[in-house]
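> sequence and computational prediction follow.
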Amino acid sequence: MSSNTFLAVYLGGGKSGSRMAAWNALPEAERRAKEQQGMAAWGAWVEKHHDVIVEMGGPLGKTKQVGAGGTADIANLMTGFTVVRAPTHEAAAKLFENHPHFSIFPGESVEIMPVLPIPGR
């Protein structure tokens with residue numbers, strides 16, 4: 001990937017996070033209305049930025065960690081990802097300001113990092 005490619009990782013507060021607790025405390029009809037509003041806003045975000053989205057990505061499921069000691073089920077705060085192109089790291093981050101992940105849904109933040117070239121290639 002080129003140096004103007006950025007990975008955006010959507011983070012949540014986990015099942016016990018305060019934003020998720022508040023979301024789950026909403027009456028079902030209100031939560032469903034917010035879900036519809038959030039999905040419409042997310043779709044509008046995708047449409048607005050379709051020319052810079054390299055990989056739409058999507059929601060992430062349960063995590064398995066593999067290491068020298070074997071494989072284990074773990075929990076982390078990653079909830080999804082998207083890959084975008086932008087001229088700078090700052091420009092990539094700006095794409096996610098007021099994103100529906102945290103402005104409507106109970107997500108905590110979006111972390112954006114450059115995808116670096118593989119050394120020696």
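Right, received. Where do you want to start? Numbers count the residues shown, from 1 in each chain.
> what ranges do the strands span in the chain?
Residue ranges of the strands in the chain, as given by DSSP state E, are 5-11, 53-59, 63-67, 70-74, 78-85, 109-114.
> and stretch 72-85, how far apart are its ends?
End-to-end distance for stretch 72-85: 34 Å, by Cα to Cα, to the nearest Å.
> flag every buried residue along that stretch.
Within stretch 72-85, the residues that count as buried by 16 or more other Cβ atoms under 10 Å are 79-85. All C-beta spots, glycine's among them, are computed from the backbone N, C-alpha and C.
> same question, stretch 26-46
Applying a neighbour-count criterion of 16+ other Cβ under 10 Å, one finds 38, 41, 45 buried in stretch 26-46.
> now Leu60: how far from Gly17?
Between Leu60 and Gly17 the computed distance is 16 Å (Cβ to Cβ, to the nearest Å).
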